[in-house]
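Novice: How does the following fold in three dimensions:
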Amino acid sequence: MAFQSPASPPVRPHKSAAAVIFLCFLAIVFDGYDLVVYGAIVPKLLAYEPWGLTPVQTGAIGSYALAGMFIGAILIGYLTDIVGRRKIMMISIASFSVLMLLTAWAPTPELFGLFRFLAGLGLGGVIPTAIALTVEFSKTNRRNFNNALMFSGYAVGGVLAALLSLAFLPALGFQGMLALGGVPLVAVVPLLFKFLPESPAFLAVKGDRARAERIVADYGLEPLPAARVEGDAPVAGRFRTLLTGRLLGAMILFCLAGVCGQTLVYGLNTWLPQLMVIAKYSLASSLTFLLTVNIGAVVGVLVSSRLADRFGPRPVTATAFASSGIALVLMGTGLMPLPVMYLLVAVVGFGSVGAQILVNGFVATYFSGATRATALGITLGIGRIGAVLAISGGGVLVAASLGNFINFSVWAIAAAIGVVAVLAVPRLSSAAAAGAAAAPPGQHSSSTTVHH
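Specialist: Numbers count the residues shown, from 1 in each chain. Sure thing, here's the model as predicted:
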């Protein structure tokens with residue numbers, strides 16, 4: 001039996017879709033804070049005599065949160081398409097906040113690492129959920145920009161971590177800086193509970209079309225796709241949809257691009273302060289470079305996302321990866337004066353954090369609403385492999401004392417692979433999109449074929 005659309009609801013005052021995007025922005029701020037604050041506290045961890053950690057051990061512990069995010073992004077990204085975006089967002093942020101507090105109070109490095117891993121499970125569910133909601137509450141011609149605007153919270157969190165570390169790390173130590181990660185429990189979760197709506201796409205797929213269309217009317221969103229009819233494949237087939245045909249090739253390439261993006265983001269944000277110390281800069285200066293990375297990410301991605309909405313995410317994302325690789329090689333030469341180094345570090349911020357944000361936007365606009373969060377969860381989860389390898393491998397790199405050129409330019413390999421992966425993502429024609437619509441779990445929206 002076909003699902004019948006109810007009569008058009010009465011005209012209501014539109015609620016603000018921008019408010020939904022802002023709530024997602026707030027959630028992502030603390031993902032960025034967690035990443036960058038760990039990089040900022042690495043020198044303090046290495047100097048903490050009761051634990052006596054080596055660079056390799058510190059890198060391994062840093063990777064535990066990413067391992068948790070690997071599992072959390074895939075598992076919770078899948079659950080998001082089953083139980084709803086709103087519940088997953090609140091549960092994920094609450095669990096992450098509590099575990100950040102436990103991490104700050106950990107009496108041993110073993111418990112410290114365990115709590116970092118468990119915090120990563122919750123944090124892994126925040127990102128695909130926030131991206132999916134942002135895309136669904138955005139006009140088609142603003143999806144990449146709004147996603148970048150929302151995800152700039154990641155870099156804003158990094159800026160916040162760098163500034164707070166400059167101001168308070170000497171006084172609070174690494175424990176105090178980590179304890180600040182518990183703030184979302186009281187500052188963000190209540191706002192989500194009161195103001196965050198459920199995803200109309202999720203409600204429509206689950207059969208609550210009347211409620212979905214009320215939310216569409218309330219927020220002035222674009223109309224939902226045609227109602228699902230009897231004979232359509234069940235929602236449970238979303239993994240099978242994503243892992244067959246042309247979409248399988250796209251998923252593999254998106255995952256590879258995600259691995260490269262997160263290698264750059266997590267590797268550099270974790271190890272840049274220590275690499276700059278090795279390059280004879282002071283700790284204060286190295287934290288300033290960390291601040292510059294994230295400022296460069298915010299400014300660069302807001303500009304590039306506008307271009308992605310106009311020309312498509314493919315060429316813009318490839319350019320971001322390429323720019324970071326070139327900047328890293330130039331940094332490694334040791335020939336650049338200080339002002340140029342700051343400029344190159346800002347370019348690296350755009351080409352690492354910015355490229356990852358653009359990859360996320362590419363994925364979100366490539367797949368349909370029925371599979372979007374699952375696709376994002378898979379690509380972000382698999383991408384965590386790059387993050388884990390980068391953080392733990394960065395410790396090995398530092399311990400090997402290979403010299404400044406290798407310390408910086410080795411990361412350019414990930415940037416080069418990212419360029420190739422993004423450019424190789426198959427383009428879906430209108431006919432291909434229509435074919436995908438017949439496959440489980442449902443139809444692709446028109447955005448699947450735009451600018452790819």
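Novice: How much space separates the residue positioned nearest the centre of the chain from residue 409?
Specialist: When CA atoms, centre = their mean is applied to the chain, the residue found nearest the centroid is residue 127 (5.3 Å). Going from residue 127 to residue 409 by CB to CB, to the nearest Å gives 29 Å. For glycine as for every other residue, the C-beta is placed from the backbone atoms N, C-alpha and C.
Novice: Residue 417 now?
Specialist: With distances taken as CB to CB, residue 417 is found 14 Å from residue 409.
Novice: quick one, helices of the stretch 151-300 of the chain?
Specialist: Using DSSP state H, counting those that start in this stretch, the helices assigned to the stretch 151-300 of the chain run over residues 184-187, 189-195, 200-205, 209-219, 238-242, 245-278, 283-311.
Novice: Relative to residue 67, which of those is closest?
Specialist: Ranking the helices of the stretch 151-300 of the chain by proximity to residue 67 (CB to CB) places helix 245-278 first, at 11.6 Å.
Novice: Off-centre distance for the closest one?
Specialist: Averaging C-alpha positions (CA atoms, centre = their mean, to the nearest Å) puts helix 245-278 11 Å from its chain's average.
Novice: Now do it against helix 283-311, angle only.
Specialist: Orientation check (axes from the mean of the first three to the mean of the last three CA atoms, to 10 degrees): helix 245-278 against helix 283-311 gives 160 degrees.
Novice: Give the rounded mean pLDDT of helix 245-278.
Specialist: The predicted model assigns helix 245-278 a mean pLDDT of 84.
Novice: cool, and stretch 159-177?
Specialist: For stretch 159-177, the mean pLDDT works out to 87.
Novice: contacts for that stretch?
Specialist: The set of residues that contact stretch 159-177 without belonging to it, under CB atoms under 8 Å, 6 or more residues apart in numbering, is 29, 32-33, 35-37, 40-41, 44-45, 48, 104-105, 179-180, 284, 287-288, 290-291, 294-295, 298.
Novice: Can you mark which positions in it are buried?
Specialist: For stretch 159-177, a neighbour-count test (16 or more other CB atoms under 10 Å) marks 159-166, 169, 172-174, 177 as buried.
Novice: closest to residue 70 among those?
Specialist: Distances from residue 70 to the buried residues of stretch 159-177, taken as CB to CB, are shortest for residue 161 (21.7 Å).
Novice: any idea how far that closest one is from residue 109?
Specialist: Noted for residue 161: a distance of 21 Å to residue 109, by CB to CB.
Novice: next one: residue 291
Specialist: With the distance defined as CB to CB, residue 291 ends up 28 Å from residue 109.
Novice: Mind checking which of those two has more residues around it?
Specialist: In this view residue 291 and residue 109 are compared by other CB atoms under 10 Å, and residue 291 has more residues nearby, 22 against 18.
Novice: Disregarding residues adjacent in the polypeptide, which is nearest to that one?
Specialist: Ranked by CB to CB, 6 or more residues apart in numbering and with sequence neighbours excluded, the top spatial neighbour of residue 291 is residue 162, at 3.9 Å.
Novice: now swap in residue 200 and tell me
Specialist: Once its chain neighbours are removed from consideration, residue 200 has its nearest residue in residue 212; the separation is 4.1 Å (CB to CB, 6+ apart).
Novice: Quick check, that neighbour in contact with residue 197.
Specialist: No - under the contact definition of CB atoms under 8 Å, residue 212 does not touch residue 197, with a separation of 10.2 Å.
Novice: ok, how many other residues are close to residue 340?
Specialist: Summarising burial for residue 340: neighbours were counted as other CB under 10 Å, giving 12.
Novice: got the buried residues for stretch 125-141?
Specialist: Counting neighbours by 16+ other CB under 10 Å, one finds that the buried residues in stretch 125-141 are 125-138.
Novice: Nearest to residue 276 among those residues?
Specialist: Checking these against residue 276 with CB to CB, the nearest one is residue 127 at 27.5 Å.
Novice: mean confidence for the one helix or strand that closest one maps to?
Specialist: Here residue 127 sits within helix 109-136, counting by DSSP states H and E. The pLDDT scores in helix 109-136 average 88.
Novice: what's that helix packed up against?
Specialist: Taking 3 or more CB pairs under 8 Å, 6 or more residues apart in numbering; DSSP states H and E as contact, the helices and strands that helix 109-136 lies on are helix 17-47, helix 55-83, helix 85-104, helix 143-179, helix 355-366, helix 372-400.
Novice: Looking at these, which is nearest to residue 346?
Specialist: For these, proximity to residue 346 was assessed by CB to CB; helix 143-179 is nearest, at 11.2 Å.
Novice: pLDDT below threshold where in the protein?
Specialist: 1-14, 35, 225-245, 282-284, 286, 369-370, 428-452 (pLDDT under 70).
Novice: Nearest spatial neighbour of residue 24, chain-adjacent residues omitted?
Specialist: For residue 24, the spatially nearest residue (CB to CB, 6+ apart) is residue 130, at 3.9 Å.
Novice: Figure out which of the helices of the stretch 151-300 of the chain is closest to residue 83.
Specialist: Judged by CB to CB, the one of the helices of the stretch 151-300 of the chain that comes nearest to residue 83 is helix 200-205, at 8.9 Å.
Novice: And stretch 304-319, what's buried?
Specialist: Buried positions in stretch 304-319, judged by neighbour count with 16+ other CB under 10 Å: 304, 305, 307, 308, 309, 312, 313, 314, 316, 317, 318, 319.
Novice: first vs last residue of that stretch, how far apart are they?
Specialist: This stretch, stretch 304-319, spans 9 Å end to end (CA to CA, to the nearest Å).
Novice: which residues are contacting that stretch?
Specialist: 141-145, 147-149, 257, 320, 350, 354-355, 357-359, 361-362, 365, 418-419, 422-423, 425, 450-452.
Novice: make it 6 Å
Specialist: Contact with stretch 304-319 is made by 141, 144-145, 148, 355, 358-359, 361-362, 419, 422-423, 451, as judged by CB atoms under 6 Å, 6 or more residues apart in numbering.
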